[in-house]
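Engineer: What follows is a predicted structure for the sequence shown.
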Amino acid sequence: MAYEVAAPKYVRLAQTLQGRIEDGTYPPGSRVPSENQLVQAFGMSRPTVVRALELLKRDGWLESRQGFGTIVRGRPEVVEQKDRRGRDALERDESSVQGRLVQVEQVPVPPRVASLLGVPKKATVLLRRLLVVQGGEPVELSSSYFPAGLVEGTELSASSPLREGQRAHLEARKKVRFDHVTERVSARLPSQEEADLLGMPQGEPVLSVLVIACDVAGQALQVTDVLLPADRQELEDTYRLG
């Protein structure tokens with residue numbers, strides 16, 4: 001089992017501020033509270049507040065304007081034409097994917113996932129883990145976590161592959177609507193089980209793409225951890241400079 005840690009303070013603060021942007025507390029065009037005000041309001045250090053604001057600026061939620069301070073831009077527009085790991089994980093038909101389901105069961109929620117899903121730390125969640133293979137070689141291990149209340153009345157807990165994407169299945173069965181996805185890419189060492197499934201020697205790193213799929217209010221509906229062997233990946237993006 002992988003070692004899980006709670007999200008850093010600056011990430012949790014960024015999530016809180018993002019939620020306030022989405023619920024209209026900080027509407028587009030408004031100024032967010034100053035660093036001093038945020039330090040006092042949340043009882044966090046200035047470096048933590050600065051890192052949270054920088055994260056939101058990087059992701060397109062905020063921007064700095066000369067003479068105005070930090071301004072709310074609102075929810076970033078999704079660039080539909082680009083390939084996204086998160087969209088792939090949410091929308092692929094499991095029954096047509098080369099690979100296999102390796103785990104479908106209720107598990108104790110990992111601390112970081114609990115924070116993202118907004119469930120108690122001692123809760124159990126459904127884990128649905130899919131190993132993707134290409135050319136006979138494992139290329140991806142996708143672990144999706146769902147809160148218990150969202151699983152009821154669906155086929156997510158069945159051990160057979162879904163014949164539609166997880167997003168389409170949940171939207172049809174639970175009448176929820178997926179609105180946007182946040183992806184966070186980091187590197188870490190896999191657990192022994194993860195390394196074995198991916199056919200990797202212990203000690204080799206993986207890229208973790210943490211996919212947080214939310215409704216329009218910013219509530220996370222599911223969290224998926226997409227693991228990619230680092231030595232088999234090359235990330236590239238091309239964009240204009242404003």
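Structural biologist: Cool, the structure landed. Numbers count the residues shown, from 1 in each chain.

Engineer: What's the end-to-end length of stretch 200-218?
Structural biologist: 36 Å (Cα to Cα, to the nearest Å).

Engineer: Report the buried residues of it.
Structural biologist: By neighbour count with 16 or more other Cβ atoms under 10 Å, stretch 200-218 contains the buried residues 200, 206-214, 218. Every C-beta, even on glycine, is put in place using the N, C-alpha and C of the backbone.

Engineer: again with stretch 46-63
Structural biologist: 48-49, 51-53, 55-56, 59, 61-62.

Engineer: From those, which one has the minimum pLDDT?
Structural biologist: The lowest pLDDT within the buried residues of stretch 46-63 belongs to D59, with 80.

Engineer: mind listing what the nearest residue to that residue once chain neighbours are set aside touches?
Structural biologist: Counting by Cβ to Cβ, 6 or more residues apart in numbering, D59 lies nearest to P76, which is 6.5 Å off, once chain neighbours are set aside. By Cβ atoms under 8 Å, 6 or more residues apart in numbering, P76 lies in contact with 59-61.

Engineer: Please identify which of the buried residues of stretch 46-63 is nearest to V226.
Structural biologist: Distance to V226 across the buried residues of stretch 46-63 (Cβ to Cβ) is lowest for D59, with 18.2 Å.

Engineer: shouldn't that closest one be in contact with T182?
Structural biologist: Yes - if you go by Cβ atoms under 8 Å, D59 and T182 touch, sitting 7.3 Å apart.

Engineer: With L17 as the reference, measure out to the residue of the chain most remote from its centre.
Structural biologist: Distance from the C-alpha centroid of the chain peaks at G67, with 34.1 Å (Cα atoms, centre = their mean). For G67, the distance to L17 equals 22 Å [Cβ to Cβ, to the nearest Å].

Engineer: Show me how the protein divides into domains.
Structural biologist: Domain ranges of the chain: 9-72, 85-231, per automatic domain parsing.

Engineer: Do I have it right that E204 meets A230?
Structural biologist: Yes - E204 is within contact range of A230, at 7.1 Å (criterion: Cβ under 8 Å).

Engineer: for stretch 16-35, how far is the first residue from the last?
Structural biologist: The first and last residues of stretch 16-35 sit 15 Å apart, counting by Cα to Cα.
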